[in-house]
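Engineer: let's see this in three dimensions:
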Amino acid sequence: MNTKSAYWLSHTPTEKFNLIELAHTQRAISNFVKILTKEEIPVEFFEQNKGDSMTDGKKIAISSTINMHNIDSVVGLAIHEGAHCKHTDFYVLKKITNRLLHDNLMGGRRWIELLLNFIEDRRIDNLVYHNAPGYQDYYRAMYERYYYSKTVDQGLKGKEYREENWEAYMFRIINMFNKNADPTALKILPTIYKAVDLKNIGRLTSTKHSLELAITIYNLINMHFILNSKDKHQVQENKKGAKHNKTSKEEIKKAFSKQENFLKGQTHKTSLSKKETKQVEAIGKSNIKINDVKVLDTSCPVHVIEGMTPALIESNLYGVFGINDLKFRQQVEDGINIGKKLLRKLQVRNEQITLASKRLKSGKIDPRRIYAANFEDDLFYKIDRSNYKPISLHVSIDGSGSMEGTKWWQVLTNTIALGYVALKMDNIDLTISIRTSGKNPNLSSQTAQIPLLILAFDSKKHTLRDLKRLAYYKCNGLTPEGMCLNALNKYIPNSSYYLDSYLINMSDGYPTFEMGKDLNYRGEEAILDTAKSVKNIKKKGVKILSYFIKSSTTETKSKELNENFQIMYGKGASFIDPKNVNEVTKTLNNLFLERNLIS
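Structural biologist: Numbers count the residues shown, from 1 in each chain. You can find the predicted model right below:
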């Protein structure tokens, strides 16, 4: 579909946008408003029971029902309201009662406010339309949706709304920019056209000017009715250009009412529930991406979360976060204590090794040898400094439901320990990811599962507080092993002369995932697909250490599991008891202390 928004949308959904798409759209619209207003004006989705009021100049509400058919008009409306925030003087609107009381005009308040809204809209839209040409397509889409329709066109061309009354004048005035407008349809309409002077609307430079013009037009119409009171409700005799209308007056009146509501800022906006609002807010504050990966004979979207933010945890967007209860807090504290002990053994990695070479033919002059120098002596020296080679570790954990219990507690403790060490060491970087599946954050479906990769911790940019948030994860979901590893590949750096890159995998089962009738990811196909994903990671020179965490249910199939696990992760893959997960930490401890130096 040809829309202006298609240029910045990550993809073009055909149905109503899901929560992630809504959050991305909200972020984009916020940027448009920020560029226009040069202010941080919040753009929020309309919430239930909060009314359909016009922007108050401090924030903008948008509808949650967005699709490729209406997105441009939604953006246009938000920009229009942003223009109000920038150019409309809300103090004038707030104090309008005082102005009307002063001139004894309270009886005409309804019409004056409608005229004011119409004129002020023309004034601010003219400013944006000419000063920000990049927004013109969004404006056109907005007017197509809220102003232009066949019903309105027929109303302007037909016999309806040609009676000398307030409703007819208002219908004709607020549609005076329509190509089907008839300036001669009512007696003093030509005078009103001249007073408004749409082509030169830029002459109005403030909301106060718009109000004065609205009052002027009101007084013109009101005086006309007073002077012609006998003809007030009679149909005009001059019906030139009027056509017989197949559309009923009730239909035209309904379209006119929609236009009135637009002018009042009461456009219909579909609301989000409180829960959905929190979820969209969480997505907006989190870095969530959707990576389409090839799997078997199709493709599948993998949702990637970069960081576990408090908003994401509180909203429980994917159904994989729980309450940080006391038992998990204990795992966190135990992990930190283990990390402190491990750190004391690893301080040597922060040390620099220095080697001084003397009696050289080139380099720096050694002052201690000058006194005994002769033409045959070598007076130069050189100092070589070497450091431990930096290590990049990516610990990727199976977070499926089968890991719940002792397995997870032990993995959590040892992973926290490694995270603590990485935070304190200069040449060890650690990323922790969790592979699982979660509820698809879609407004229409809360049961569909999607592969989920949570990049929970990165020692280069996160803190101890972020590390502790691992305790909020709740083991749940399936095991979309190869799909998540495929998405994970781009986040693992290549090994080189200056860096050793490792992937440490901890899991406890076969790859398993289902997505409706389109994808049944299990058995030999899933095992080979996972092996292919691992092979692609190895091509980058990444060394893989993989551990299968045993349980009582796996003892009977240990041989089969061992064979399949080695197919997926290589011959170096090994089995460990959940009570001995600390063996992983000991292995890594030895790895850290390898005397692998670079100059």
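
Engineer: going forward, measure contacts and count neighbours with C-alpha atoms only.
Structural biologist: Noted.

Engineer: which parts of the stretch 151-300 of the chain are helices?
Structural biologist: In the stretch 151-300 of the chain, the helices defined using DSSP state H, counting those that start in this stretch lie at 166-174, 189-196, 207-227, 249-263, 274-285.

Engineer: redo the ones you listed as CSV? Include distance to Met568.
Structural biologist: Supplementary listing: these in CSV, determined by distance: least, CA to CA, whole Å:
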stretch, distance to Met568
helix 166-174, 69
helix 189-196, 75
helix 207-227, 69
helix 249-263, 60
helix 274-285, 33
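
Engineer: to Arg27, which of those lies closest?
Structural biologist: Each of the helices of the stretch 151-300 of the chain was checked against Arg27 via CA to CA, and the shortest separation belongs to helix 274-285, namely 6.9 Å.

Engineer: what about the closest one, distance to the chain center?
Structural biologist: Between the centre of helix 274-285 and the centre of its chain there are 10 Å (CA atoms, centre = their mean, to the nearest Å).

Engineer: and that helix, what's its mean pLDDT?
Structural biologist: If you average the pLDDT over helix 274-285, you get 80.

Engineer: and the nearest residue to Lys58 once chain neighbours are set aside, how far from Ile35?
Structural biologist: Nearest in space to Lys58, with sequence neighbours left out and distances taken as CA to CA, 6 or more residues apart in numbering, is Ile41 at 6.2 Å. Here the distance between Ile41 and Ile35 works out to 10 Å (CA to CA, to the nearest Å).

Engineer: how close does Ser542 get to Asn489?
Structural biologist: If you look again at residue 542, you'll see it is Val, not Ser. With distances defined as CA to CA, the gap from Val542 to Asn489 amounts to 10 Å.

Engineer: those two: which is more packed in?
Structural biologist: For Val542 against Asn489, the residue with the higher neighbour count under other CA atoms under 10 Å is Val542, and the figures read 22 against 17.

Engineer: what pLDDT is listed against the more buried one?
Structural biologist: Confidence at Val542, expressed as pLDDT, is 93.

Engineer: re the thing from before, so which of Ile41 and Ile35 has more stuff around it?
Structural biologist: For Ile41 versus Ile35, the count of surrounding residues by other CA under 10 Å is larger for Ile41: 17 against 14.

Engineer: residue contacts, the more buried one?
Structural biologist: 30, 33-34, 58-60 (CA atoms under 8 Å, 6 or more residues apart in numbering).

Engineer: and the lengthiest helix in the chain, what other elements does it pack with?
Structural biologist: In the chain, assigned by DSSP state H, the helix with the most residues is helix 109-131. Using 3 or more CA pairs under 8 Å, 6 or more residues apart in numbering; DSSP states H and E as the contact criterion, the secondary-structure elements in contact with helix 109-131 are helix 71-87, helix 166-174, helix 207-227, helix 249-263.

Engineer: okay, the angle between it and helix 207-227?
Structural biologist: Relative orientation of helix 109-131 and helix 207-227, computed by axes from the mean of the first three to the mean of the last three CA atoms, to 10 degrees: 140 degrees.

Engineer: give me the mean pLDDT for helix 109-131.
Structural biologist: The predicted model assigns helix 109-131 a mean pLDDT of 93.

Engineer: and for stretch 225-233?
Structural biologist: Within the predicted structure, the mean pLDDT of stretch 225-233 is 69.

Engineer: Ile188: how many residues sit nearby?
Structural biologist: Should you count by other CA under 10 Å, Ile188 turns out to have 15 residues around it.

Engineer: and for the one 5 residues further on?
Structural biologist: Using other CA under 10 Å, the number of residues around Tyr193 comes to 15.

Engineer: next: Thr97.
Structural biologist: Under the criterion other CA under 10 Å, the count of neighbours that Thr97 has is 13.

Engineer: likewise for His102?
Structural biologist: Counted by other CA under 10 Å, the residues lying close to His102 total 10.

Engineer: quick check: it vs Met170, distance?
Structural biologist: Relative to Met170, His102 is positioned 24 Å away (criterion: CA to CA).

Engineer: returning to that earlier point: just so I know, which of the helices of the stretch 151-300 of the chain lies nearest Thr463?
Structural biologist: Evaluated over those, closeness to Thr463 peaks at helix 274-285, with 17.6 Å, by CA to CA.

Engineer: residue contacts, the closest residue to Asn505 other than its chain neighbours?
Structural biologist: Take Asn505 and drop its neighbours on the chain: the residue closest to it by CA to CA, 6+ apart is Ser546, 4.6 Å away. Going by CA under 8 Å, 6+ apart, Ser546 touches 503-506, 569, 572-574.

Engineer: in strands, which of these fall?
Structural biologist: 503-506, 574 (DSSP state E).

Engineer: which SS class is the nearest residue to Leu488 once chain neighbours are set aside?
Structural biologist: Of all residues beyond its chain neighbours, the one nearest Leu488 is Leu453 (7.6 Å), with distances taken as CA to CA, 6+ apart. Here Leu453 takes the strand state, with states given by DSSP: H, G, I helix; E, B strand; the rest coil.

Engineer: for Thr512, list each beta-bridge partner.
Structural biologist: In this entry, Thr512 is beta-bridged to Thr479, by DSSP bridges.

Engineer: number of nearby residues for it?
Structural biologist: Taking other CA under 10 Å as the definition, Thr512 ends up with a neighbour count of 19.

Engineer: could you measure from it over to Tyr521?
Structural biologist: When CA to CA is applied, the distance between Thr512 and Tyr521 equals 5 Å.
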